[in-house]
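Peer 1: The following comprises the amino acid sequence and a computationally predicted model.
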Amino acid sequence: MNNENANLTVLGEGKYFDFVRLDNWEFLRPKAFTGVVLIIAITDDGKLVLIEQFRPPVATRCVEIPAGLVGDVPEHGEEDFVTAARRELLEETGYTADTMEVVFEGAPSPGSNNIVITFLLARGLKKVADGGGDESEDITVYEVPVDEVYDWLLERRDMGHNVDLKVFTGLFFANREMEQTSD
């Protein structure tokens, strides 16, 4: 989006987002990061790595795909999507990956923000640390067999946890990957 647009008005500013109006449309615009990565991490024995953490906007614990912001702090500099995905995977789950491949990108909520997220497939995982996130996070890591993820997610939902809908996109790509590797 062109930030020089004469019809763009900044209505409010935060650390990570500006709340803006373009003509008659109001939305959030990122200001402290260059992108978002979501990592579809599949173990060699066919398990999808998921995380769970408390999310204040919905006031509950949420099941999610490992994810993070690209270039959100100065020490990350001009990192690319793959570098950010590797950093976030290790930080949140304790895993490294032999391969990290971009599989898809798109807007998760184009009516409310102009963020584009990039899904990456991580294979050849090795557990090298505990994970759990940085000092501001309290992340629980789960490894769920891909063919059991849907039912597991329903169980988490029934326990009162929120399931980030992007998990289902990740599950689609995980199932696709499992089908291709079994051929």
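Peer 2: Perfect, thanks for sending it. Treat the numbers as computed from the prediction; the structure is a model and nothing was measured.
Peer 1: Gly35 and Ala67, how far apart?
Peer 2: Per CB to CB, to the nearest Å, Gly35 is found 11 Å from Ala67. No exception for glycine: its C-beta is placed from N, CA and C like everyone else's.
Peer 1: Quick check: neighbours shared by these two?
Peer 2: Ile117 (CB atoms under 8 Å, 6 or more residues apart in numbering).
Peer 1: Compare neighbour counts for those two and give me the winner.
Peer 2: More crowded of Gly35 and Ala67, by other CB atoms under 10 Å: Ala67, with 22 against 19.
Peer 1: Next up, the contacts around that one.
Peer 2: Val36, Val37, Leu38, Ile39, Glu88, Glu92, Ile117, Lys166.
Peer 1: How much space separates it from Leu89?
Peer 2: Applying CB to CB to Ala67 and Leu89 gives a distance of 9 Å.
Peer 1: Give me the common contacts of the two.
Peer 2: Contacts common to Ala67 and Leu89, judged by CB under 8 Å, 6+ apart, are Ile39.
Peer 1: hang on, the earlier thing: restricted to strands, list the contacts of Ala67.
Peer 2: Val36, Val37, Leu38, Ile39, Ile117 (DSSP state E).
Peer 1: Identify the spatial nearest neighbour of the fourth one, chain neighbours not counted.
Peer 2: Put plainly, it is Ile39. The shortest distance from Ile39 to any non-neighbouring residue, by CB to CB, 6 or more residues apart in numbering, is to Pro66 (4.5 Å).
Peer 1: swap in Thr34?
Peer 2: Counting by CB to CB, 6+ apart, the residue nearest Thr34 is Gly71, at 4.3 Å.
Peer 1: what about that neighbour, neighbour count?
Peer 2: 18.
Peer 1: what's the answer for Glu79, then?
Peer 2: When neighbours are counted by other CB under 10 Å, Glu79 comes out with 19.
Peer 1: what sits against it?
Peer 2: Per CB under 8 Å, 6+ apart, neighbours of Glu79: Val70, Gly71, Arg87.
Peer 1: what's the spacing between stretch 93-101 and its chain's center?
Peer 2: 14 Å (CA atoms, centre = their mean, to the nearest Å).
Peer 1: What is the neighbour count of Phe89?
Peer 2: Let me fix one detail, which is that residue 89 is Leu and not Phe. The burial count for Leu89: 25, using other CB under 10 Å.
Peer 1: Ile40 versus that one, what's the distance?
Peer 2: For Leu89 relative to Ile40 (CB to CB), the value is 10 Å.
Peer 1: Fine, thanks again, bye for now.
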